[in-house]
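Novice: My questions concern the predicted model and sequence given below.
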Amino acid sequence: MSAVAQDHASPQYDEPPPPLVFTDSAASKVKELVDEEGNPDLKLRVFVQGGGCSGFQYGFTFDEIVNDDDTQMSKNGVTLLIDAMSLQYLAGAEIDYKDDLQGAQFVIKNPNATTTCGCGSSFTP
């Protein structure tokens, strides 16, 4: 007779992918700005609002308050906040920080944007 080994361990599930990508470069710049402000409770809030030449535009601000509908992401000691409405338009996007010949700025690469304006700060979903 042969014995059959059975594995009764619980199945392992992968964690869901993050709602968006927050690059090391962006996280480092946010940390630098938070350190300059001297307030470790500050978090970077990324949002989408109506306006701009393409219909919607991106916005960035620092915030100490986390709302009930906010999605939070942490990287390298800083926290990114996205409200539920904005998350619909930012899901799968990459938030990066570029410092090159065109200047220093946060940049959003958004796969949901079908049209963007020349400056890159507004889009059409």
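Specialist: On my side now, so go ahead.
Novice: In a helix, Val34, correct?
Specialist: Yes - secondary structure of Val34, determined by DSSP: H, G, I helix; E, B strand; the rest coil: located in a helix.
Novice: From Leu80, how far off is the closest residue to it other than its chain neighbours?
Specialist: Computed as C-beta to C-beta, 6 or more residues apart in numbering, the closest residue to Val34 that is not its neighbour in sequence is Leu42, at 4.8 Å. Bear in mind the C-beta positions are built from the backbone N, C-alpha and C, glycine included. Leu42 sits 11 Å away from Leu80, going by C-beta to C-beta, to the nearest Å.
Novice: So which of those two has more stuff around it?
Specialist: Between Leu42 and Leu80, counted using other C-beta atoms under 10 Å, the more crowded position is Leu80 (23 against 18).
Novice: mind listing what the more buried one touches?
Specialist: Residues in contact with Leu80 (C-beta atoms under 8 Å, 6 or more residues apart in numbering) are Phe22, Val30, Lys43, Leu44, Arg45, Val46, Gln72, Met73, Ser74, Ile95.
Novice: again, 6 Å this time
Specialist: Taking C-beta atoms under 6 Å, 6 or more residues apart in numbering, we find Leu80 in contact with Phe22, Leu44, Met73.
Novice: quick revisit: phi, psi for the residue nearest to Val34 please.
Specialist: Main-chain torsions, Leu42, degrees, to the nearest 10: phi -70, psi 140.
Novice: what's the pLDDT at Gln57?
Specialist: Gln57 is assigned 85 on the pLDDT scale.
Novice: swap in Pro17?
Specialist: Confidence score, pLDDT, at Pro17: 60.
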